[in-house]
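K.L.:
Return atomic coordinates for the entry below.
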Amino acid sequence: MKLASEVKIKSLILSISLLGFSTISAQNIMDVGEMHISSALQTYSAPVKNKAVTGEVLSVAGVKFKAGVGVHSRSSFKIKVNDGRQFTAKVGVNDAKMKYDSERVTSIPLTDGKRMFYEISDTEKQFIGVEGQDGEVDKGSVVFLLLNNGEEIYNSGIMREGDPAKEVDVKLKGGVFEMIVQDAGDGNSGDHAVWLNPKINYFEIPPIMVAYDYVGKTPEQSKTINTKLKKMIVDLPEIKTPLKQPDYDWLIENGKAKAEVYRSDNGQDIIISNGLMARVFRLFPNLATIDYVNQMTGESLLRSVSNEGVLIIDGKEYPIGGLKGQPEYAYTLLKWIDEMTVDPNSFLIEDFEVKDITDRLEWQRVRWASNPHMPTGKELIFTLSKDNILVKVHYVMYDGIPTLSKWIEVINKGDIMIQLNEFKLEQLAMVEGESLVDVPKHFETPNIHIETDYAFGAMQQKTSDKTTFWEADPRYTSQTNYAMQLPVMLEVKPPLGPNIAISKGDTLTTFRVWETPFDSYDKERKGLFIRKMYRTISPWTTENPIFLHLTSTDPVKIKEAVDQCAEVGYEMIILSFGSGLNMEKESPEYYAKFKEYVDYAKSKGIELGGYSLLSSRWISDQVDVINPETGKRGGMIFGSSPCLCSDWGYSYFRKIKTFFKETGMSVFENDGSYPGNVCASTSHSYHNGLEDSQWKQYAQIQGLYKWMRSKGIYMNIPDFYINSGSNKTGIGYREVNWSLPRERQLVLGRQNLYDGLWKTIPSMSWTFVPLTEYHGGGEAATLEPLNDHLVDYESHMMQNYGAGVQACYRGPRLYDTPKTKAVVTNVINWYKKYRDILNSDIIHLRRPSGKDWDGFLHANPKLKEKGLVMVFNPLNKEIVRELKLPLYYTGLTSIAKVREKEGPVKRYRLNRNYEITLKVTIPANSYSWLVIE
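P.N.:
Numbers count the residues shown, from 1 in each chain. I've put the predicted structure just below:
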């Protein structure tokens, strides 16, 4: 029986077609250039989006076009039409302006005796043609054909270079649609054909481009490699399947979660597991991921067998491993795997290696950190090859957390440069997060956290994530979604490019991805998974020095601030924006002046550093990023920004490094860090054009931060470069709120803390406390003079330090009277006494509302202080409240010893939900705190 919704949809389609409407409100348009064009068949080179196959601009008979697909005869696109109704385009032969006698032109011989021409520089390789009759590239002549279910529905006739473009407008009848370009009978040299603005109108189910059936001999794993791999597998420790679920909660005790690489009890598979999660690989007849197991729940995360990624090299697509022939894509039966075959165009496995993990970047430890250790675990490396290209696929399983990391190396072993146009670090057929017949605005995706260190443009991870894509899987035809739009194919890839040339003997290494499955949909528990991940994979984020933002570079004020910091127990000073510091100034006298300040601060036990603005500034037409839409600067992120791969950009990074080397500063606040701008300039020295601009600019900024991490320089970066070496990012706040009255700042500040610490740890977050007027607000908003507003000053410090979060205390001093000094000293002494527990994870108790108490609990089962509770009273009267405290994540199971502040200890018995109930008195407009042991 058909579902009612399906009947309604088909009835609607029938009614509309009977009425004769050619255009309806639900109609959609698919641009063929946005489809999977790398899966096309093409004799020479590969299809190119928005350019001719030679890389030249789209131009037919002198008329330029912005959008289209450049191809070379013979070429064929095969499209499953689904609900496609109509195809429109213009067609022609691209104007040729290429000079084949240039010194940059290289040729390689073909099997028919002709030559293929490439234009090659130090950083780029571009196909430019095939030799014709007289040793040159001929004038092109082609025929465009369109087939629908094998029937010819369009024939352009012979079209030659210089002929005006022809209009194409044909109806489609479902089934399979083919876009073909043939040579015109005079050879295919110069046949640089273009499909201009090719579009398919469809109703609901979008058309998809599919690969042609492979013609030729399928590659096979050699007997030598097969025998070697089998011997290597035998040497691995065996693990029984199905894999066991853990009998412990790793958030309480994770010592049992040890990573190892095993052989399965069937002798065919390799399993990397730490008891919390596992990835299962089949090596015969080729490498493939055959399962991905959340051992915490016992569930499989994978619907079907998947490859280890995808490379598009010189325009052609190559899966990394993978198997073909699965009959159903909703689930996998193990017996099906035995019958599956090699993906014909894939890289083949040759070897694997198992070793202990090594540090992914150098971290010079020079200050306190709640986790001073780099992670441990196991690394599994697979080596695959195809056509003189080696691929090394690295997997890291960490000890103690349910997190797997992955990255890929591409090594050119051939005699000519290759161009890595695109890559997919992952292409996993995941189990759906929800199963819907209709298409909502937002699908619920699978219950797993994915992030990479290729992140930019935002303070939080979610909004800085540019590499995680949940796509539809057109093979999954048994899904419940009528339009087959379930987001069940996880693809991890750059949003653009990289389009990087890899010279003979060189290697390109991708970014890293981290994958963490959850065992619950509980917001707190999921947040704890992510927070423990950061503490483990990027432990420098657990550094948390106590710092002042000084607003002056006056020598007297700097020395006064250093003295005050040393007196009250502060550890660091950042010369803030507006202070007058200019790290780009190149002068021995300037370096010497700031080195004197640094040396004085060091003599008092204080670190000194400063601020520099990078991206949100206009430099010049020659330097700034070029908007691909306009061909000019402007209209980009922050309006305009300098291109980091211009000469100016390289000079900026050199100047910053020199300043730190010469002055000895150890703190860097880099405002307006690289936000992810693309750049269409072709004149900048260190990138070729649009497609490699983002990749190369990111390499610049990441390289600086990794260098600073290796030198022990502390980094405040208001963008999410946490996994690239930075220490802190903003917790999230609206700056103008600090111009509101002081009592409102306090409640809003606690809301920022409460909301900002679900997915980040306290030490990797900063908030803000302007000691002097900021954006206005007058006396009512200002803490200076500090002695006149001691209650508010202390409250700011206690709620921030009580959360374990450093604030940008921005002003000229920390205290103005002995009384103020005593308050600051007391708060800092308290914070240092409880520093370990205050830097532990937060359990959210009650969000600030202004109506009643609010608070949070720090929990850490590994410390003497298992918990520390902070509670706040926004009311003008003292309140007594009975609190129910959830102590599960403290690790306590029966008795909790609790004291209010430094008072006497009281014993409480935990109930079945690991909770205790107690009464607490909170003074008016103030706070209290409890220690739990």
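K.L.:
Burial check on Q485, number of neighbours?
P.N.:
Other residues within reach of Q485, judged by other CB atoms under 10 Å, total 20. Using the backbone N, CA and C atoms, a C-beta is placed for each residue, glycine as well.
K.L.:
That one against A472, yeah?
P.N.:
Yes. At 5.0 Å, Q485 counts as touching A472 under the criterion of CB atoms under 8 Å.
K.L.:
from the middle of its chain, how far away would stretch 743-755 be?
P.N.:
29 Å (CA atoms, centre = their mean, to the nearest Å).
K.L.:
Over to stretch 792-811?
P.N.:
31 Å.
K.L.:
next one: stretch 115-131
P.N.:
Taking mean C-alpha positions (CA atoms, centre = their mean), stretch 115-131 and its chain are 33 Å apart.
K.L.:
If you count neighbours, what's buried in it?
P.N.:
115-120, 124-131 (16 or more other CB atoms under 10 Å).
K.L.:
anything in contact with each of Q485 and A472?
P.N.:
Common neighbours of Q485 and A472 are not found (criterion: CB atoms under 8 Å, 6 or more residues apart in numbering).
K.L.:
just to revisit the earlier point, and the buried residues of stretch 115-131, which two are the farthest apart?
P.N.:
Pairwise distances across the buried residues of stretch 115-131 (CB to CB) peak at 21.5 Å, for the pair E124 and E131.
K.L.:
so how many other residues sit close to the closest residue to N28 other than its chain neighbours?
P.N.:
Excluding the flanking residues, the one nearest N28 by CB to CB, 6 or more residues apart in numbering is Y202, at 5.5 Å. Neighbourhood size, Y202 [other CB under 10 Å]: 20.
K.L.:
Looks to me like I381 is in a strand.
P.N.:
Yes. I381 sits within a strand when classified using DSSP: H, G, I helix; E, B strand; the rest coil.
K.L.:
pretty sure it is in contact with F352, am I right?
P.N.:
Yes. The criterion here is CB under 8 Å, and I381 meets it with F352 at 6.4 Å.
K.L.:
of these two, who's got more company?
P.N.:
Per other CB under 10 Å, whichever of I381 and F352 has more neighbours is F352, with 23 against 15.
K.L.:
which residues does the more buried one contact?
P.N.:
229, 232, 270, 283, 380-383.
K.L.:
Surely it is within a strand?
P.N.:
Yes. The assignment for F352 by three-state DSSP puts it in a strand.
K.L.:
Bridged to it, which residues?
P.N.:
Note on F352: beta-bridge partners F382, judged by DSSP bridges.
K.L.:
Then T509?
P.N.:
Assessed by DSSP bridges, T509 has beta-bridge partners E409.
K.L.:
what's the offset of stretch 160-179 from the middle of its chain?
P.N.:
Computed by CA atoms, centre = their mean, the chain-centroid distance of stretch 160-179 equals 39 Å.
K.L.:
quick one: average pLDDT of it?
P.N.:
For stretch 160-179, the mean per-residue pLDDT is 95.
K.L.:
Same question for stretch 433-447.
P.N.:
94.
K.L.:
mind checking the end-to-end distance for that stretch?
P.N.:
One end of stretch 433-447 sits 7 Å from the other (CA to CA, to the nearest Å).
K.L.:
What is the distance between that stretch and the centre of its chain?
P.N.:
Counting by CA atoms, centre = their mean, stretch 433-447 comes out at 22 Å from the chain centroid.
K.L.:
what's next to it, contact-wise?
P.N.:
Contacts of stretch 433-447 (CB under 8 Å, 6+ apart): 3, 5-6, 301, 430-432, 470, 479-483, 485-488, 490, 517-518, 521.
K.L.:
Now, of those, which are buried?
P.N.:
Among the contacts of stretch 433-447, those classed as buried by 16+ other CB under 10 Å are 301, 430-432, 470, 479, 481-483, 485-488, 490, 517-518.
K.L.:
Nearest to R633 among these?
P.N.:
The closest of the buried ones among the contacts of stretch 433-447 to R633 turns out to be W470 (CB to CB; 33.8 Å).
K.L.:
element containing the closest one?
P.N.:
Per DSSP states H and E: W470 is located in strand 468-471.
K.L.:
then stretch 43-59 to CSV, C-alphas only?
P.N.:
Extracted C-alpha coordinates of stretch 43-59, given in CSV (Å, rounded to 0.1, in the frame of the first residue of the first chain):
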residue,chain,number,x,y,z
THR,A,43,39.8,10.8,-23.3
TYR,A,44,42.2,13.6,-22.4
SER,A,45,42.5,15.5,-19.2
ALA,A,46,39.2,16.0,-17.3
PRO,A,47,36.2,18.3,-17.2
VAL,A,48,36.7,21.7,-15.6
LYS,A,49,34.2,23.9,-13.9
ASN,A,50,33.8,27.5,-15.1
LYS,A,51,36.8,27.3,-17.4
ALA,A,52,37.8,25.7,-20.7
VAL,A,53,39.6,22.4,-20.4
THR,A,54,42.8,24.3,-20.9
GLY,A,55,42.2,26.6,-17.9
GLU,A,56,41.4,29.5,-20.1
VAL,A,57,38.3,31.7,-19.6
LEU,A,58,35.0,30.5,-21.1
SER,A,59,34.8,32.3,-24.5
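K.L.:
what about the residue located most distally from the centre of the chain, distance to A96?
P.N.:
Ranked by distance from the centre of the chain (CA atoms, centre = their mean), the top residue is D134, with 50.4 Å. Distance, D134 to A96, using CB to CB, to the nearest Å: 15 Å.
K.L.:
Can you report how many residues neighbour T917?
P.N.:
10.
K.L.:
So which residues of the stretch 651-800 of the chain form strands?
P.N.:
Along the stretch 651-800 of the chain, counting by DSSP state E, counting those that start in this stretch, strands occupy 667-671, 714-716, 729-730, 765-770.
K.L.:
what's next to the third one, contact-wise?
P.N.:
Applying CB under 8 Å, 6+ apart, the set of residues contacting strand 729-730 from outside is 459-460, 717-722, 760, 764-767.
K.L.:
Now list the buried members of those residues.
P.N.:
Buried residues within the contacts of strand 729-730, counting neighbours by 16+ other CB under 10 Å: 459-460, 717-722, 760, 764-767.
K.L.:
In the stretch 1-150 of the chain, what residue spans correspond to helices?
P.N.:
Here the stretch 1-150 of the chain has its helices, by DSSP state H, counting those that start in this stretch, at 4-19.
K.L.:
Might you list the low-confidence residue ranges for it?
P.N.:
Within the stretch 1-150 of the chain, the segments meeting pLDDT under 70 span 1-26.
K.L.:
Going by distance to K602, which of the buried residues of stretch 115-131 wins?
P.N.:
Of all the buried residues of stretch 115-131, E124 has the smallest distance to K602: 47.3 Å, by CB to CB.
K.L.:
So the residue lying closest to N345 once chain neighbours are set aside, which state does it fall into?
P.N.:
Nearest in space to N345, with sequence neighbours left out and distances taken as CB to CB, 6+ apart, is Y318 at 5.6 Å. What three-state DSSP gives for Y318 is strand.
K.L.:
Just the closest of the buried ones among the contacts of stretch 433-447 to A46, please.
P.N.:
Proximity of the buried ones among the contacts of stretch 433-447 to A46 (CB to CB) peaks at L490, which lies at 25.1 Å.
K.L.:
Wait, the closest one touches L425, no?
P.N.:
No. The criterion here is CB under 8 Å, and L490 misses it with L425 at 10.2 Å.
K.L.:
I am finished for the moment; much appreciated.
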